[in-house]
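> Predicted model, plus sequence, below.
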Amino acid sequence: MLAPLCAAADARAEAAKLAPRPVDDARLAGADAEPGNWLTHGRTWGEQRYSPLAQIDVTNVSELRPAWVYATGETRGHEATPLVVDGVMFVTLPWSIVVALDAATGRELWRHDPEVPRAWGRFACCDVVNRGVAAYQGKIYVGTLDGRLVALDAKSGARVWDVDTIDRSKPYTITGAPRAARGLVFIGNAGAEFGVRGYISAYDAETGALRWRFYTVPGPPGQPREHPELVLAAKTWSPRSTWESGLGGTVWDSLAFDPELDLLYVGVGNASPYPREIRSPGGGDNLFLSSILALRATTGELVWHYQTTPAENWDFTATQHMILADLPIGGRTRRVLMQAPKNGFFYVLDRATGELLSADKYVAVNWASHVDAKTGRPVETGLGEWKRTRFMRPGPAGGHNWHPMAFSPQTGLVYIPIYALAYPFHRDKAFRQTPRRFNTGEDFARMQRAVDGYERSLRFCEPTRLTAWDPLTRERVWQVSHSSEMHGGVLATAGGLVFHGTGGDATLAAYRATDGELLWEAQTPTAVIAAPISYAVRGEQYVAVEIGAGGSAGLNFSLIRYENAGYVAAFKRGGKARLPERRLRAPGSVVAPASTASPETVARGHSLYHQWCMFCHGIGVKSGGLLPDLRFASRATFASWQDIVISGVRAERGMPSFADSLSREDADAIRAYVISQAHRRPTLLERSASWLYDNGACLPARWLAD
Ligand code: CA
């Protein structure tokens, strides 16, 4: 009789132990005093992504094995950073689903699906991803893909409140993680590629009431300015700007908070549309596009701003991860903010004043020669003027994208997951704002013709790299290179380690932080694009990461090698669990009906496909592998084409109806183009390029040097 009673008591005790204590400002400010937890997106408000745990170190990291693996049941991109609060892990999945797991065992405690209408996935430029939650005052906050901010009870997952943060007639999305401080929850949004007006909002953490909202770009002339900063901003825009495009400037990822300065740092995104000659003819800097804003956290008032790319012209967001640190510069300790935005320059700013301390190229850059130290402005070379086919470096994926970097106070180095890609911009000469589709001002059909045929021969070797950057000497210390366009975020630890995942090879690896020597590697079932974290339960250190390919690389320009699935995996020394076997994706076979359409119809379909379909199904109908490669679609799919594209019979599977945008004739033309691509034989040039690529040929990295 005693044993079952004891077991029940043990289970109750175990459950009580797992009840996470509420996270508040005192705990967040003192996060270093509880190194076993990961309380906010970047572990601390300063977002260094450095774990003070040192049990796993350079001498024993080779003993890391899976401790547990949680299968998420989702197959889209997994980009989230988990939080760990008192032994409970809170992590998000595609479609903004939130799960709570026992951080020691991976056992699911609760799962909340906010029921995002799957058709809303059409408005996600870069997959239906979510990057994580905020934990605060006993609640868990998630921004949903369809623009809501939802508060859940941390213990049960029950919904406490759910507020709409957007105008639902506009194609806004939320993929970034909220942050919390001062009784407020901060959340931005995404959607600049489609044409929306960016802003960040602060909501009362308890009630969900809106406390303040800061618009990053002005609204149309003649309308009242929502806050005084927009009077300053409006002076930098032409009266003939494309007001109907919303102008962009979305706050879709990075935030950081300094409690002493009471400043919330906000990374602002790219313009809508991209080419400044269309967007703001004869206009100025177009504030606050591509800027870092320092806002008073409690009021949303602007204290300073720094624009990394004035008159942004190339999707050069400044939404990349920002790290706060105290560095010895010029004989004194400076409170700095560091960012490696898409534009290719690594910035060190004084975070109290916004003063530029340094800006240096961390990847090959051809659009600007340097950043003028006096004016703080990049000096453009003229190569980025959209005049003819030119390969821009960096491309619109940036030198660095959303994948978080990390800073180790131990080595003084910043570890940046970089892209070394180039891209040909083609201006759409007939551009006009079209609701509910990409409105970047690019002619994607011309871009496709430019890259198709020689895209493989133009591949650069080592398209992704992990770069260790010294912000004091302002140079690269070491670098490791990867073969695929997909890779992950970064974690640094006090064990002298840097953890980083890869896509093509599908690995999670640990490097020595001082010199980049590979010390440990696990083969994962599919790509790792998320950032790892480290935490401890009952005195034992773990490293955990989400596994699952996706994002814009998985949709558009990378090849997913292994059958995709989603997992959260935790590793510890001597772990006894096993990662699922990886399986190569089966090659597709063409069963499309014969092509009977006229060349004119196919040409029309080519143009329409690249306006409406390319972003999910791939350039030239070559899918990255995340969503169906339409060249290999079934006969049934081709037979029910109108039902799928116009009637939306697969809307709940994420393929919405386009009846509001395309006619039945348009849909038929797209079908004709897809069929023609399915049956198309590669040209001699393409076959030669494929052969070269398959035999290891690519443009050497030194071609990307300055
Ligand atoms: Ca963008």
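The structure has been received and is ready for your questions. Everything quoted here is computed from the prediction, not taken from an experiment.
> so where do the strands sit in the stretch 1-150 of the chain?
50-51, 64-71, 83-85, 88-92, 98-102, 108-112, 134-136, 139-143, 148-153 (DSSP state E, counting those that start in this stretch).
> Which one, of the ones you listed, ends up nearest to the ion?
Closest to the ion of the strands of the stretch 1-150 of the chain, according to Cβ to the ion: strand 139-143, at 17.3 Å. Quick note: C-beta positions are derived from backbone N, CA and C, even for glycine.
> What's the mean pLDDT across the closest one?
The average of the pLDDT scores along strand 139-143 is 98.
> tell me the angle that strand makes with strand 148-153.
160 degrees (axes from the mean of the first three to the mean of the last three Cα atoms, to 10 degrees).
> Buried residues, strand 139-143. List them.
Buried positions in strand 139-143, judged by neighbour count with 16 or more other Cβ atoms under 10 Å: Lys139, Ile140, Tyr141, Val142, Gly143.
> For it, which strands pair with it and how are they oriented?
strand 134-136 (antiparallel), strand 148-153 (antiparallel) (DSSP bridges).
> closest to Gly398 out of the strands of the stretch 1-150 of the chain?
When those are compared by Cβ to Cβ, strand 139-143 sits nearest Gly398, at 22.1 Å.
> ok, residues contacting the closest one?
Strand 139-143 is contacted from outside by 90, 92, 96, 98, 100, 114, 130, 133-135, 149-154, 157, 160, 165, 174-178, 180, 185, 187, 189, 205, using Cβ atoms under 8 Å, 6 or more residues apart in numbering.
> What is the distance between it and the centre of its chain?
18 Å (Cα atoms, centre = their mean, to the nearest Å).
> Also stretch 680-689?
33 Å.
> What sits closest to the residue in the stretch 451-600 of the chain that the ion sits nearest to if chain neighbours are left out?
Relative to the ion, the nearest point of the stretch 451-600 of the chain is Ser552 (9.0 Å; Cβ to the ion). Distances taken as Cβ to Cβ, 6 or more residues apart in numbering put Cys126 closest to Ser552, at 3.7 Å, once the chain neighbours are dropped.
> burial count for the one you found?
Counted with other Cβ atoms under 10 Å, the neighbours of Cys126 add up to 23.
> State the distance from it to the ion.
For Cys126, the distance to the ion (Cβ to the ion, to the nearest Å) stands at 8 Å.
> Now do the same contact list for that residue.
So Cys126 contacts Thr175, Gly551, Ser552, Leu555 (Cβ under 8 Å, 6+ apart).
> Among the residues you listed, which one has the most neighbours?
Thr175 (29 neighbours).
> my hunch is that the residue of the stretch 451-600 of the chain closest to the ion is in a helix, does that hold up?
Yes. Secondary structure of Ser552 (DSSP: H, G, I helix; E, B strand; the rest coil): part of a helix.
> Would you confirm that it contacts Gly395?
No. Checked against Cβ atoms under 8 Å, the pair Ser552 and Gly395 is beyond contact range at 11.6 Å.
> Can you give me the neighbour number for the closest residue to Ile646 other than its chain neighbours?
Excluding the flanking residues, the one nearest Ile646 by Cβ to Cβ, 6+ apart is Ala659, at 4.9 Å. For Ala659, the count of nearby residues is 14 (other Cβ under 10 Å).
> Next: Phe316.
By other Cβ under 10 Å, neighbour count at Phe316 equals 27.
> from what I can see it touches Thr309, true?
Yes. Counting by Cβ under 8 Å, Thr309 is a contact partner of Phe316 at 4.4 Å.
> Between the two, which contacts overlap?
Common neighbours of Phe316 and Thr309 (Cβ under 8 Å, 6+ apart) are Ser290, Pro341, Asn343.
> Which one (most neighbours) among those?
Counting by other Cβ under 10 Å, top hit in those: Ser290 with 32 neighbours.
> distance of that residue from the ion?
10 Å.
> which ones are touching that residue?
Contacts of Ser290 by Cβ under 8 Å, 6+ apart are 249, 268-271, 307-310, 312, 316-318, 341, 343.
> Kindly report the same for Ala594.
Here Ala594 is in contact with Ile675, His679 (criterion: Cβ under 8 Å, 6+ apart).
> Please tell me the pLDDT value assigned to it.
Value listed for Ala594 in the pLDDT field: 95.
> Get me the contact residues on the protein for the ion.
Residues of the chain found near the ion (Cβ under 5 Å from the ion) are Asn270, Asp315.
> shaky segments in the chain?
By pLDDT under 70, the low-scoring segments of the chain are 1-17, 388-390, 452-459, 557-558, 689, 693-694, 696, 699-706.
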